[in-house]
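Undergrad: Could you look at this predicted model? Sequence included:
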Amino acid sequence: MAEQILQANQPDGVPPLPLTGERTLPDVPAENYWYRRHLAVYEWIAARTAGLRVVDMACGEGYGSDLLARAGAASVVGVDANPEAHEHARLRYRRPNLRYARDLVETFAEPCDAVVFLQTIEHVQDPGAVLEHFKSMIGPGGVAYVSTPNLLTLAPEGAAKSDNPWHLKEYRAAEFRALCEAHFGQVELLGLTHAGKLRVHGWALRLGWDAVHPRLGLTKPFYDRFTPAIAASDFRLGPGDLDRALDFLAVCRP
């Protein structure tokens with residue numbers, strides 16, 4: 001049985017969460033790539049939601065909701081149905097403009113200016129109904145930010161989905177755009193790609209780095225340093241070749 005990995009260095013009175021693969025976590029060095037990959041999108045959204053009422057659906061550990069609140073949103077509600085994640089978030093992240101609610105994304109309903117729903121639509125049974133629910137919450141002038149991984153870069157070539165047991169449906173760019181456009185009048189689709197040192201690492205892989213580091217016995221020492229050093233700035237969100245993106249972000253308006 002695999003050893004359970006817990007978050008490190010949590011504040012007094014805050015129970016650490018285990019790494020299960022269902023959600024990403026800060027404070028787990030080996031998970032830092034995925035945490036920063038998610039954080040990069042939260043940072044991009046936070047720069048556009050100052051002064052707004054925001055609902056962060058399926059907020060997980062709570063770090064993203066905290067970022068949105070810290071960046072100046074008028075109010076943020078982090079919503080998650082998992083009791084351990086909810087309790088952790090409620091205890092760890094405390095701000096006057098931030099609160100957490102334990103509820104399902106399908107049933108939590110509160111008027112707001114923006115809904116944030118990152119890396120979760122691939123988990124839900126009825127994504128269309130969820131998007132309609134978000135549209136009813138934001139009203140005619142609001143915006144929904146919805147992200148999901150790119151099937152083409154997450155799953156093996158030709159596979160219908162990755163081996164992630166939590167994912168029910170993974171999307172190509174055209175499929176994801178069509179899903180969002182079926183429920184929103186205006187949809188802008190952006191792609192997340194590597195930048196900075198991750199881009200350099202990608203060049204090294206193409207030049208054969210994966211064949212070199214095992215022979216030199218450098219694999220563990222290198223990645224023990226490299227992975228924790230990854231930052232949100234090592235990802236870029238913008239237009240471009242969406243088929244090569246890591247994740248998609250749909251900016252959806254009624």
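TA: Perfect, thanks for sending it. Numbers count the residues shown, from 1 in each chain.
Undergrad: Could you give the number of residues near Cys252?
TA: Neighbour count of Cys252, defined by other Cβ atoms under 10 Å: 25. Every residue, glycine included, has its C-beta placed from N, CA and C.
Undergrad: Surely it is in a helix?
TA: No: with DSSP: H, G, I helix; E, B strand; the rest coil as the criterion, Cys252 is strand rather than part of a helix.
Undergrad: Strands along the stretch 101-250 of the chain, start to end?
TA: 114-117, 143-149, 186-194, 235-238, 247-253 (DSSP state E, counting those that start in this stretch).
Undergrad: Any chance of CSV for the ones you listed, columns distance to Asp126 and mean pLDDT?
TA: What follows is the strands of the stretch 101-250 of the chain, written out as CSV (distance: least, Cβ to Cβ, whole Å; pLDDT from 0 to 100):
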stretch, distance to Asp126, mean pLDDT
strand 114-117, 14, 98
strand 143-149, 14, 98
strand 186-194, 19, 98
strand 235-238, 27, 98
strand 247-253, 17, 98
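Undergrad: could you dump the ones you listed to TSV with distance to Gly51?
TA: Converted to TSV, those look like this (distance: least, Cβ to Cβ, whole Å):
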stretch	distance to Gly51
strand 114-117	10
strand 143-149	13
strand 186-194	21
strand 235-238	21
strand 247-253	17
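Undergrad: Quick one: closest of the ones you listed to Arg95.
TA: Across the strands of the stretch 101-250 of the chain, Arg95 has its closest neighbour in strand 114-117 (16.1 Å, Cβ to Cβ).
Undergrad: May I have the strands that pair with the closest one, each with its orientation?
TA: Here strand 114-117 is paired, per DSSP bridges, with strand 53-57 (parallel), strand 143-149 (parallel).
Undergrad: Select, out of these, the one closest to Leu118.
TA: strand 143-149 (4.5 Å).
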